[in-house]
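Undergrad: sequence first, predicted model second:
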Amino acid sequence: MTEPVLSVRELRVWYGTEHGPARAVDGVTFDLRPGEVLGLVGESGCGKSTLGRGVLGLLPRGAHLDGEVIYQDRNLVEASAREIQRLRGPELGLIFQEPLTRLNPLLRISEHFEETLKAHEPDLPKGEAKHRSIEVLRAMGIPPTRYRAYPHEFSGGMRQRIMIALALVLRPAFVVADEPTTALDVLVEAQIIGILADLRRNFDTSLLFITHNLGIVAEACDRVAVMYAGRIVEQGPVNDVFARPQHPYTQELLRSTISLSTTGLHYIPGAPPDLINPPSGCRFHPRCPKAMQVCPQRFPERVPVGPQTVECWLHGPDELMPDGGREILVREEITVADEA
Amino acid sequence: MATAAVPPPSDMGDVGGGRGRTRLRRFLSGIARPYRNSHGVGRFMLISGTVLVCLMLVMAVFSPLIAPYGFSQVADATGERFGNHLEPGGDHWFGTSTQGFDVFSRVVWGARTAVTVVLLALAFSLFIGVLLGLLAGFIGRWVDRVLVMIMDSLYALPALLLAIVVAFLLAEHVGGGTATAALAITAVYIPQYFRVVRAATISAKEQTYVEAARAMGARPITIMLRYLLSNVVQSVPVIATLNAADAILTLAGLGFLGYGIQPTEASEWGYDLQRAVADAGTGIWWTGLFPGLAIVLLVMGLTLMGEGLNETMNPAIRVRRLVSITMPSIDRATARRDDAAGGTAGTTGSVDDLRKGDVR
Amino acid sequence: MEMRDLEVHFDLRSSALARLLGSAGETVKAVDGVNVLLRRGEVLGLVGESGSGKTTLGRALLGLVRPTSGQIRYGADDLASLPQRRLRVLRRRLQMVFQDPHAALNPTMDLRTAIGHPLRIHGLVSSRAEARDRVIDALERVGLTPAHQFLDKLPAELSGGQKQRAVIARAIICGPELLVADEPISMLDMSVRAKILELMLDLKRELDLTYVYITHDLATAKFFCDRVAIMYLGRVVELGPTEEIFADPKHPYTRALLGAVPDPDPERRVPRDLPRGEIPDAAAPPHGCSFHPRCPLAFEPCGWEARDLRAMFERRWTRLGEDVFANEQPLVAALDDVKVGDGTARIRVPSNRQVSELAGLMEEAQAETPDDPLWRGVVGVETDDDTVVVRFHEGSDPGLLRSGGVDVACHLHDPRLRPEGAERRG
Amino acid sequence: MSTRTSGSLRTYLLTRVLLFVPQVLVILTIVFILMRVAPGDPISVALGGQRTPEQLAELRAAAGYDRSIFVQYWEYITGIFTLDFGHTIIDNRPVTQIFTVNGGATLTLTAAAFLVAMVVGVPLGLLAGRFRDTPFDASLRVFGILTYAAPVFFLGLLFQLAFARGLGWLPSSSQASPIVLATVESRTNIFLVDALLAGDTSAFWNGVQHLILPALTLGLLLSGIFMRIIRINLIQTLRSDYVEAARSRGIPERKVVIQHAFRNAMVPFVTILGLQVALLMGGAILTEQTFNWNGIGSQLVRYLENRDYVAVQGVITLFALVVVTASLLIDIINAIIDPRVRY
């Protein structure tokens, strides 16, 4: 097996709030291999965006980071601000959800690109910078005629292509895409997904693709990590996870997604938990249809199940299971009043 | 948030009877909210500003009790004149002025004048400005265009000039005095409230809840009062406070130029400063310094309050309070890996205990 | 309810001064000649991307937006020309559910007042107690139970799903007949969406409602609607029973949309031959069929024009790169100045270049991408002094025509225009 | 695309310039209405009690105040377009003479004050916003609030007490020493320029010394406001999405602040500069009065005291025209620096 580009180990990101720490990301572990697209799915507020930014060190003030993000034998969590700033661009990139506000309205597209290249390769001749920028833009389907235009002269989809090109112009080894298609229309979304899924072929870039849309994961990703309340509860190859989901949350999430083949409605009762006071033990247990006695008592272990890794007592490990742990847990009634 | 959806038990009881109280509580908590939610520099500004303003208010309300003499008194109870240009000290803490007034008393009474004029002016201009702004923003079309044209023109005139002209015209027919000064200042601030309220109305009009009200079949007047007004006025406190500060300066400017209140009608700081300009050349500092300081303190108080409010209420510049937290510092990474490699239940137990300890 | 030749136009930037200067502001045809019949008790889906006019159409149905022309028959009334006063009375029976439940509720109004407000507006209750009972009843109907817990809540105290339930409660409290739901679940989380859809289905059954469901999400439209109207740039391009449209989409746009829906089923893949580009500027819609610049199946009568030529050159430069671009750009810079909607494009060549060079360039471009539908629309390229004249096939606007069980607005399905071998290409 | 952009910039500018005319008309009308809502005519108000009724009636007829209000309005408007602002009542000189004779002093004062405000306010605002909530920011804000809270005339008074009376560094009033004023021939009516034209450097320095205190007084007032606006704009810009995006590309923080934040923060500042011109003019009236500065403001106060409507109306008209022209210029500048405005 090849060395992972990026290894995240027990990463935690907590925010201080007046009611106590909010555990947006609470002990997340995953690897990203070269050229791989890893989908990170979960409902809003599960910490997936925080995770994506935490990896790049782009967190708001007041966020506390702990754990390991290993990139090229360095732990980014402990790296200095200056060190990370140098890595952002040539090594690490970020693509945003809302492309409309991410470009400086007073600067031409060309200025955005030339500034980015200059920041990391100060000796680059201007002509070369232009050439490289136009080449990347072309790969994203932006005609060279538009190189000197202003951001407001582009449509939403075009701007997102420009943002992607900006993130890729220095050919980073690893890119986080945070819901890059949420603000876009169906057809444009499909175009952008196509571009992102092709990254590995054209740019040799690994991608952490954050989305709430399971369809997009199926379309664009090699592996998927399912997040719930700050934890990755299941990860594995997309085809396996979608065909044989092992964690009850993944199963419920897949069932409640409305797709073209949906014939009946299904939903998960209750609401995602408060990250300040998460449920004890497995965080999904209050909503889990398969909850057992052990679930609220003990934190579930990370267990390999086939090609997947799952955090659920259903899959053991048996040697840690307390006596009577497998008994069914009688759940409290969940009313609409508690829903999301 | 799930917790927000669970009501506190006190709300479960008598719903009908609790309503009035709920409203009052909401109103009070609305006033207290900026004080509670603010922090850091914003909180400091808000509180110090409020303290200053309250001090000045106390001075204004209780000026007959605080001031040793009347504002136009030039002799004490025995009929003996104070004398002019007495240095601070003795009976006259701040000295006496060219005309033989007691400077301290003038400063105290001046607070009353300033507060009265500004409150009157604020009330008038708020009422007219908000009303016209709402109308223009809501009705749009030619009403809006005409009003905007007039208000913009008024706004383009230097504020002081506009106040002078109005005071000048009114003085001719109404006479100088508190009411004239208040009306002059009113004229200055109507366009400001108009602009703010109109802009807020136009943006509120685009809100979905206003369209929802239209979809319900609400009449325009209902929409304006029940849906627009209550949301538009939220932008008013900050502006009103800052404008009050500005109004104090305009009033003083009017007084300084001789278009404010005459010394026999009420005490006015700007007027006193005008008289003090001539004194400055001869080295008499107390006639100008104290009224000037009074203006500075009141304007500062209001500005601090306004900026403090802005800091806590304006989402565009608000900072989230940073609460420092301590993360449990056990090396769970290694604990976990040990587990995966077949660690003992004991290690997991400790992690578990820790997690349970964290909950509540 | 029936819509006939409905048009809603918005004037852009037509300030008094702009008119003074003679530049009559641009007009956006948000809804451009729509004919749809809405049957009692059905769920009609208006499906399209942003800018397709679906939301404007939905609002026009309720009289929230005044149509520029056309009729909306509702019983004996024409909503398009009814005075506001009479329209307000009808609002009892025509209600709306909004996309963003948070924005749809007045932040300063508690639920009791907000939900009960329609009752007061229409004078349907005589006492506070009665209003309260009706509000409680509505809250319970939408599942906000126990209702008394919610009466004094402000919108900010509710979660997204709860807010949407409150909006629905407000919409049904007067006993409406028709509910226009504008993307009611698109702002909600995955696990809540199904709940709200189920609630809407239950209410429809219990209260005998008719729905107009506006969405860009084909998956929920397929599940939820009886009939769908696919909209593109202000027009209905395909209209028919949901099953038929989803089983056999006729319009190339519908086909593209359906193909582009990402699906969790790993067996299904989005095809790579997606329509290029994005929805064009509605202020200057393409000539002929608005979809033709993006349509892979476009042919002679679809309305080719000079702008398409420019787009072709941009595609060419994007493909071939900077050097080709630098070389050719001066030749075709004049494309910017060509008039829109003309049957020909006249490209003036800068004096130091040869006309034949440009004509040759065109040939080269055609030879390189012979499959580009543009070439089907080009009748001929002539040179004239210092100008290259490109003649296009005459284009026309496709109207809705019956094809099988559905109506479709596409020349491909017009038997008079149907090209040889259209079956094969389609 | 480039052709379209410049084309629309041209259209925008044309539109904006054409808008200027109705704007001026409206503001002139409002000034006229303001000045004439009061009953009575200007002549009686100014000279009533000093002349006999017959004399008054004669003067009224001569000045045209016996005609209908619409005729007077028409004359007022056409007068202004031919640069005829009428004649003052109390000393019967053309109103335009006030502008030419005293305008130079006001222009010198406001220009110098504006310079002070820009030099002090803009950099301090940028620094305060950049280092938000540090002790440095806090002290700058206190400075800003203090300069704002002190009325110009009070600040002027303090300066006079401290620097003129107390320390004796600078002169306390007037544009120059009386002897110097008398020796310099006035050609442009701008004293400093006249001194330079005459080649009299000592007179020039004398003028500069006299200018320092008034310019500082008025400039500091404005600088506090500039600082506050720029600080808030910068804070908002620094949290904008494109700044975060620039950071995500690894642009060094210094460059992010300069390239993305400073420039963008200046845009909203420039758009409201027009209104600051009005503030500057208002402040100038008070400053001139405090420092015995013989500008238009001082003249205005003199004519106000004498209830000379014509002179007052003329000066107000001039001020209004200056503000409208300034806002035209600012809109043009804005269109050049912000590409979005052109659409």
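TA: Thanks, I have the structure now. Numbering: from 1, shown residues only, chains lettered A, B, ... in the order given.

Undergrad: and C:L82, how far from C:L94?
TA: According to CB to CB, to the nearest Å, C:L82 stands 11 Å off from C:L94. C-beta here means a position set from N, CA and C on the backbone, and glycine is covered the same way.

Undergrad: joint contacts of those two?
TA: C:G63 (CB atoms under 8 Å, 6 or more residues apart in numbering or on different chains).

Undergrad: which of those two has more residues huddled nearby?
TA: Counted by other CB atoms under 10 Å in any protein chain shown, C:L82 and C:L94 do not tie: C:L94 has more neighbours, with 25 against 16.

Undergrad: got the contact list for that one?
TA: Going by CB under 8 Å, 6+ apart, C:L94 touches B:215, C:61-63, C:74, C:176-178, C:180.

Undergrad: so where's chain A shaky on pLDDT?
TA: Across chain A, residues meeting the criterion (pLDDT under 70) sit at A:1, A:331-340.

Undergrad: in it, what residue comes closest to chain C?
TA: Residue of chain A nearest chain C, by CB to the nearest CB: A:G215 (3.1 Å).

Undergrad: from A:T182, how far off is the spatially most central residue of chain A?
TA: With distances taken as CA atoms, centre = their mean, the residue of chain A nearest its centroid is A:I210 (3.1 Å). For A:I210, the distance to A:T182 (CB to CB) stands at 10 Å.

Undergrad: try A:C282
TA: 29 Å.

Undergrad: between those two, which is the more surrounded one?
TA: The neighbour comparison of A:C282 against A:T182 (other CB under 10 Å) goes to A:C282, with 29 against 14.

Undergrad: which bits of the stretch 201-350 of chain C sit near chain A?
TA: Applying CB under 8 Å from any CB of the partner chain, one finds that the stretch 201-350 of chain C approaches chain A through C:201, C:216-220, C:222-223, C:246, C:256-266, C:268-270, C:272, C:274-276, C:278-279, C:314-315, C:317-319, C:321-322, C:325, C:329.

Undergrad: what do you get if the cut-off is 6 Å, keeping everything else the same?
TA: Neighbours of chain A within the stretch 201-350 of chain C, by CB under 6 Å from any CB of the partner chain: C:219-220, C:222-223, C:257, C:260-264, C:266, C:270, C:274-275, C:278, C:314, C:317-318, C:322, C:325.

Undergrad: in helices, which of these appear?
TA: Cross-referencing those against helices under DSSP state H gives C:219-220, C:222-223, C:257, C:260, C:314, C:317-318, C:322, C:325.

Undergrad: closest one of the residues you listed to D:V312?
TA: The shortest gap between D:V312 and any of these belongs to C:E314, at 62.7 Å (CB to CB).

Undergrad: which ones are touching that closest one?
TA: A:143, A:145 (CB atoms under 6 Å, 6 or more residues apart in numbering or on different chains).

Undergrad: and if you look at A:S7?
TA: With contact set as CB under 6 Å, 6+ apart, A:S7 has these partners: A:31, A:70.

Undergrad: go again with 8 Å.
TA: Here A:S7 is in contact with A:30-32, A:68-71 (CB under 8 Å, 6+ apart).

Undergrad: what does A:L184 give?
TA: A:156-157, A:160, A:192.

Undergrad: most surrounded residue in these?
TA: A:Q160 (29 neighbours).

Undergrad: what's the burial count for the nearest residue in space to that residue that is not next to it in sequence?
TA: Closest residue to A:Q160 apart from its sequence neighbours, by CB to CB, 6 or more residues apart in numbering or on different chains: A:P99 at 4.0 Å. For A:P99, the neighbour count with other CB under 10 Å is 27.

Undergrad: which residues sit in contact with A:P99?
TA: Residues in contact with A:P99 (CB under 8 Å, 6+ apart) are A:156, A:159-160, A:162-163, A:180, A:183.

Undergrad: got any ranges where the stretch 251-400 of chain C has weak pLDDT?
TA: Ranges of the stretch 251-400 of chain C meeting pLDDT under 70: C:266, C:268-272, C:332-342, C:350-353.

Undergrad: dump the residue contacts of the residue in it that chain A sits nearest to.
TA: Using CB to the nearest CB, C:P262 is the residue of the stretch 251-400 of chain C that sits closest to chain A, at 3.1 Å. By CB under 8 Å, 6+ apart, the residues touching C:P262 are A:189-190, A:193, A:213, A:215-216, A:218-220, C:270.

Undergrad: quick check: chain neighbours aside, which residue is closest to it?
TA: Using CB to CB, 6+ apart, the closest residue to C:P262 is A:G215 (3.1 Å).

Undergrad: the one you found contacts C:D263, correct?
TA: Yes: taking contacts as CB atoms under 8 Å, A:G215 lies within contact range of C:D263: 4.9 Å.

Undergrad: overlap in contacts, the two.
TA: In contact with both A:G215 and C:D263: A:S259, using CB under 8 Å, 6+ apart.
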